[in-house]
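> Need a 3D model of the sequence below.
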Amino acid sequence: MKLGAFSVSLNVKDIHISKTFYEALGFKVFAGDLEKKYLIMKNDTTLIGLFQGMFENNILTFNPGWDSNAKTLESFDDVRKIQKDIKSKGITMINEANESSDGPASFMIKDPDGNTILIDQHI
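Residues are numbered from 1 along each chain as shown. Sure thing, here's the model as predicted:
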């Protein structure tokens, strides 16, 4: 199962303070919109997302079809295939991708400790 690029999406209290903090750790803004209160920051191949007021808890995020530079991979597992594989293993979905669609889609699951995992395909 190829899950694609990995990042941690952090629920932050103040996007400006968090941006400054992660810049001090060597991260640089890679994508996002400060005015819309979300940023994707990068340090080498490590990605973190800073999100103010968009969700309740931190989320582990995988992007099928992307590398750590948000470039399309030559070969990848479609999010619907990944979803089908995960469901076949008895893992309960929080929400599901439409299996009859194609292109961008996402689904969410929780790990045994309650951590939310987002599988989010943009292509």
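> which intervals of the protein have sub-threshold pLDDT?
Along the chain, no part satisfies pLDDT under 70.
> where exactly do the helices run in it?
15-24, 79-88 (DSSP state H).
> Dump those helices to JSON lines, plus distance to residue 111.
In this view, the C-beta of every residue, glycine as well, is placed from N, C-alpha and C. Putting the helices of the chain into JSON lines (distance: least, C-beta to C-beta, whole Å) gives the following:
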{"stretch": "helix 15-24", "distance to residue 111": "24"}
{"stretch": "helix 79-88", "distance to residue 111": "12"}
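> so which of those is the most packed in?
The highest mean neighbour count among the helices of the chain, using mean count of other C-beta atoms under 10 Å, belongs to helix 79-88: a mean of 17.
> contacting residues around that helix?
By C-beta atoms under 8 Å, 6 or more residues apart in numbering, the surrounding residues in contact with helix 79-88 are 1, 3, 64, 93, 96-99, 101-102, 105-107, 109, 119-121.
> list the contacts for the residue lying closest to residue 31 once chain neighbours are set aside?
Spatially, and ignoring its direct neighbours in sequence, residue 31 is nearest to residue 40 (4.1 Å; C-beta to C-beta, 6 or more residues apart in numbering). Neighbour list for residue 40: 7, 29-32, 47-50 [criterion: C-beta under 8 Å, 6+ apart].
> and the residues you listed as JSON lines, adding neighbour count and distance to residue 15?
Shown next, in JSON lines, are the contacts of residue 40 (neighbours: other C-beta atoms under 10 Å; distance: C-beta to C-beta, whole Å):
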{"residue": "7", "neighbour count": "22", "distance to residue 15": "16"}
{"residue": "29", "neighbour count": "15", "distance to residue 15": "11"}
{"residue": "30", "neighbour count": "17", "distance to residue 15": "15"}
{"residue": "31", "neighbour count": "12", "distance to residue 15": "14"}
{"residue": "32", "neighbour count": "17", "distance to residue 15": "9"}
{"residue": "47", "neighbour count": "23", "distance to residue 15": "16"}
{"residue": "48", "neighbour count": "21", "distance to residue 15": "12"}
{"residue": "49", "neighbour count": "21", "distance to residue 15": "11"}
{"residue": "50", "neighbour count": "27", "distance to residue 15": "6"}
